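> Take a look and give me a structure for this.
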Amino acid sequence: MTACIRHLPQAALAACLALLAACSSGPPQSAALRDPGAGIWSAAAFAPAGIAGRWHQRAEAAPPGAPACTPGTLDIRARPDGSLALDGRLCLAGENRRIAATAREVGPGRLAVSGFADPWWVLWVDVGYRTLAIGTPSGRFGLILDRNATGGEDRLTAARELMEANGYAATRLRPAGR
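Numbers count the residues shown, from 1 in each chain. Purely as a prediction, here's the structure:
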């Protein structure tokens, strides 16, 4: 390859190097999960204490070719200081991650979660606090949690539709574990 590079004209070599530099960083992974130009909103009426308890991961937004993850669970406990303790394992953008964190509300339906650069936005929660759609404005990940490991298809459909309305690509939303 070095011999080939020596014989390239200067302009062609410069163009190739510029092209390689542009491609090497590539688009952020989030571009495949969520349209960065799409609007996104969080659930203004969200009450953090309402999500205490055990949650089962029912879906995730995953990049193309991401391996399936084992569907996770997340236990959420309200703390006396108003924060939430999160403990469990979730599949986030195709990566199985251990979650041991503290979450604090930083805006309506927006949680700063320790160990995560992006806030978690509650995009939708049903009136009975049985199903949650969570995403990030950057689109690094998105997921749907439910109080039950099965059932609730009407709520899961609503959660998927709200994720799509917030810019998540329908083709990237998949049931957890697939």
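> mind giving me the domain split of this protein?
Taking automatic domain parsing as the reference, the chain has its domains at 2-28, 48-175.
> ok now the last one, how far from the chain's centre?
Just to be clear, that refers to domain 48-175. 7 Å (CA atoms, centre = their mean, to the nearest Å).
> okay, which residue is most central for the protein?
When CA atoms, centre = their mean is applied to the chain, the residue found nearest the centroid is Phe141 (1.6 Å).
> what residues are up against that one?
33, 60-61, 92-93, 135 (CB atoms under 8 Å, 6 or more residues apart in numbering). (Glycine included, C-beta is placed from N, CA and C.)
> same thing but at 7 Å, please
61, 92-93 (CB atoms under 7 Å, 6 or more residues apart in numbering).
> just Leu111 next, same as before
Leu111 is in contact with 103-105, 119-120, counting by CB under 7 Å, 6+ apart.
> What separation is there between it and Val122?
7 Å (CB to CB, to the nearest Å).
> With Asn148 instead?
In terms of CB to CB, Asn148 sits 18 Å off from Val122.
> So these two - more neighbours on which side?
Between Asn148 and Val122, counted using other CB atoms under 10 Å, the more crowded position is Val122 (22 against 13).
> who's in contact with the longest strand seen in the chain?
Taking DSSP state E as the criterion, the chain has its longest strand at strand 95-107. For strand 95-107, contacts defined as CB under 7 Å, 6+ apart pick out 42, 48, 69-70, 74, 83-90, 111-115, 119.
> Include mean pLDDT and distance to Ala38 when you put the domains of the chain into a markdown table, please.
A markdown table is the format used below for the domains of the chain (pLDDT from 0 to 100; distance: least, CB to CB, whole Å):
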| stretch | mean pLDDT | distance to Ala38 |
| --- | --- | --- |
| domain 2-28 | 38 | 15 |
| domain 48-175 | 95 | 3 |
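> for this structure, what spans make up the strands?
With DSSP E as the criterion, the chain has strands spanning 53-61, 73-78, 84-92, 95-107, 110-113, 120-125, 131-135, 142-146, 173-175.
> looking at those, which is closest to Arg155?
Nearest of the strands of the chain to Arg155, taken as CB to CB: strand 131-135 at 3.9 Å.
> Parallel or antiparallel, which strands does the closest one pair with?
Counting by DSSP bridges, the strands paired with strand 131-135 are strand 120-125 (antiparallel), strand 142-146 (antiparallel).
> right, and the ones you listed - which one's nearest Glu161?
Comparison of the strands paired with strand 131-135 against Glu161 by CB to CB identifies strand 120-125 as nearest, at 8.7 Å.
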